[in-house]
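Colleague: Here you go, sequence then predicted model.
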Amino acid sequence: MSNSFDWPALMRLGMCNLRLKPDEFWRLSPLELNMMLGQSDISTSLDRSGLAALEKRFPDIGTGPSEGLKDD
């Protein structure tokens with residue numbers, strides 16, 4: 001399996017076609033870059049089960065002003 005990625009081609013698309021400055025290009029996420037290139041189809045959104053999975057994976061316990069509050 002090859003892990004090679006054609007960075008020069010992607011950089012040409014970003015900096016030449018989209019006219020991004022190098023620092024702008026490197027700050028983009030792959031999703032953002034794909035969207036700008038018209039190559040991303042975002043047709044899903046976060047639903048209740050997705051949110052519940054995120055809450056379970058990244059609990060907010062003891063990290064903010066609502067510390068100690070209970071759900072009723």
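Modeller: Received the coordinates, thanks.
Colleague: contacts and neighbour counts: CA atoms only from here.
Modeller: Will do.
Colleague: what about residue 25, helix or strand, and which?
Modeller: Residue 25 is part of helix 22-27 when elements are defined by DSSP states H and E.
Colleague: can you pull the buried residues of that helix?
Modeller: residue 25 (16 or more other CA atoms under 10 Å).
Colleague: Average pLDDT for it, rounded please.
Modeller: Per-residue pLDDT values over helix 22-27 give a mean of 95.
Colleague: now for it, which elements pack on it?
Modeller: Applying 3 or more CA pairs under 8 Å, 6 or more residues apart in numbering; DSSP states H and E, we find helix 22-27 packed against no helix or strand.
Colleague: Check which element follows it along the chain.
Modeller: Using DSSP H and E, the helix or strand that follows helix 22-27 in sequence is helix 30-36.
Colleague: I'd like the average pLDDT over that next one.
Modeller: Helix 30-36 shows a mean pLDDT of 85.
Colleague: Name the residues of it that come out as buried.
Modeller: Applying 16+ other CA under 10 Å to helix 30-36 flags residue 33 as buried.
Colleague: Just the CA trace of it, in CSV.
Modeller: Output in CSV follows, covering the C-alpha atoms of helix 30-36 (Å, rounded to 0.1, in the frame of the first residue of the first chain):
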residue,chain,number,x,y,z
PRO,A,30,-8.3,18.9,4.1
LEU,A,31,-12.1,19.3,4.2
GLU,A,32,-11.9,23.1,3.8
LEU,A,33,-9.5,22.7,0.8
ASN,A,34,-11.7,20.1,-0.8
MET,A,35,-14.8,22.4,-0.4
MET,A,36,-12.9,25.3,-1.9
